[in-house]
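> pasted the sequence and its predicted model underneath.
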Amino acid sequence: MQVSMKSYAKVNIFLKIAGKRDNYHEIVSRFVRVKNLYDEISFTPNNDTNEFNLIGNFGCKVEDNSIYKAFLELRKYCPKIDAFFRVYNIEVKKNIPEFAGLGGGSSNAASFLILANKHFNLYFKKNKLAKIGAKIGADVPFFIYEYDSANVTGIGEIVEEFKEESLNIEVVTPSDIKCHTGKIFNCFRDEFYKEITKDESKELLLMKSKDILNKLSIEQSNDLYMPAVTQYPALKEYAKKNWYFSGSGSSFFKVL
Ligand SMILES: C[C@@](CO)(OP(=O)(O)O)[C@H](O)COP(=O)(O)OP(=O)(O)OC[C@H]1O[C@@H](n2ccc(N)nc2=O)[C@H](O)[C@@H]1O
Ligand SMILES: Nc1ncnc2c1ncn2[C@@H]1O[C@H](COP(=O)(O)OP(=O)(O)O)[C@@H](O)[C@H]1O
């Protein structure tokens with residue numbers, strides 16, 4: 001039985017804002033999994049604490065961890081996981097940097113849900129797991145579907161596979177800049193607010209990722225880039241020709 005899996009990072013090939021929903025923004029985006037950047041999540045025996053035990057190099061408290069939140073959510077549907085995780089640890093080998101626009105926390109939550117769904121024979125379909133995941137974070141549904149490439153809209157809850165050639169992506173994350181998603185959205189709302197038109201979004205959603213990057217500049221491909229640079233001016237030093245910006249940053253990427 002599989003008790004271990006890879007938890008991949010993602011980049012946003014493009015990320016445009018389509019409107020507002022309460023305190024959130026609706027996005028139109030292409031998410032692509034980064035095949036050479038992943039954490040590894042496992043259920044391992046010998047949990048001596050007799051309580052939920054999450055082992056890994058995280059920058060947040062257990063209560064704030066996306067895996068713990070996913071555990072609490074899934075426990076509502078499957079109370080027996082409580083006893084299991086008093087005996088088993090959840091161990092994560094962390095490679096994906098945090099606050100980096102790579103969706104590490106969301107990816108870990110999705111991997112936990114996928115692994116638990118298999119291990120406990122829950123037979124929840126992807127749609128159901130994605131709904132559970134959406135309560136934990138906006139990017140969790142994308143990771144639940146395990147697509148290499150997908151169009152993601154709404155606040156991340158609408159995920160449609162985009163079939164295209166597999167992409168080889170190189171990521172660079174400035175080690176000294178931690179981008180806070182909320183701060184960058186606030187700056188976007190206050191200083192840069194603009195909505196993509198229906199026609200523009202239709203066109204981008206049909207284009208191959210490589211063609212999108214050939215057509216758009218870093219500023220055009222990601223509506224959060226200028227707000228991010230405004231909030232974290234040091235980001236500019238990392239911007240090089242043919243490199244793009246993922247999510248709310250701080251990572252840059254290029255397709256090889
Ligand atoms: C925009 C994306 C694209 O991938 O950025 P990255 O996190 O990857 O950088 C994500 O959807 C981010 O999702 P996630 O990181 O889960 O966001 P949250 O923690 O829920 O949001 C933090 C804050 O950002 C703002 N926020 C977030 C997502 C969104 N679609 N609209 C928003 O306005 C809200 O103010 C929210 O309180
Ligand atoms: N399992 C997790 N892995 C990484 N970060 C996590 C996790 N759970 C919660 N977080 C927190 O989520 C926030 C955003 O981290 P992350 O998802 O890695 O970045 P981003 O949204 O920029 O891609 C940080 O405050 C981080 O400490």
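Yes, it's here. Ligands and ions are numbered 1, 2, ... in the order given.
> make it CA atoms for all contacts and neighbour counts henceforth
OK.
> distance between the strand or helix carrying residue 230 and the chain's centre?
Following DSSP states H and E, one finds residue 230 within helix 225-231. Chain-centre distance of helix 225-231: 20 Å, with C-alpha atoms, centre = their mean, to the nearest Å.
> and the helices in the protein?
Using DSSP state H, the helices of the chain run over residues 66-77, 81-87, 104-119, 126-134, 140-145, 181-187, 198-206, 209-215, 218-221, 225-231.
> most neighbours per residue, which of the ones you listed?
helix 140-145 (a mean of 27; mean count of other C-alpha atoms under 10 Å).
> turn the helices of the chain into JSON lines, columns for mean pLDDT and distance to ligand 2.
As requested, these are arranged in JSON lines below (pLDDT from 0 to 100; distance: least, C-alpha to the nearest ligand atom, whole Å):
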{"stretch": "helix 66-77", "mean pLDDT": "98", "distance to ligand 2": "4"}
{"stretch": "helix 81-87", "mean pLDDT": "96", "distance to ligand 2": "16"}
{"stretch": "helix 104-119", "mean pLDDT": "97", "distance to ligand 2": "4"}
{"stretch": "helix 126-134", "mean pLDDT": "98", "distance to ligand 2": "13"}
{"stretch": "helix 140-145", "mean pLDDT": "98", "distance to ligand 2": "10"}
{"stretch": "helix 181-187", "mean pLDDT": "97", "distance to ligand 2": "6"}
{"stretch": "helix 198-206", "mean pLDDT": "98", "distance to ligand 2": "22"}
{"stretch": "helix 209-215", "mean pLDDT": "97", "distance to ligand 2": "20"}
{"stretch": "helix 218-221", "mean pLDDT": "97", "distance to ligand 2": "17"}
{"stretch": "helix 225-231", "mean pLDDT": "98", "distance to ligand 2": "12"}
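> would JSON lines of these with distance to residue 245 be doable?
Below are those laid out as JSON lines (distance: least, C-alpha to C-alpha, whole Å):
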{"stretch": "helix 66-77", "distance to residue 245": "24"}
{"stretch": "helix 81-87", "distance to residue 245": "38"}
{"stretch": "helix 104-119", "distance to residue 245": "16"}
{"stretch": "helix 126-134", "distance to residue 245": "24"}
{"stretch": "helix 140-145", "distance to residue 245": "19"}
{"stretch": "helix 181-187", "distance to residue 245": "13"}
{"stretch": "helix 198-206", "distance to residue 245": "17"}
{"stretch": "helix 209-215", "distance to residue 245": "11"}
{"stretch": "helix 218-221", "distance to residue 245": "7"}
{"stretch": "helix 225-231", "distance to residue 245": "7"}
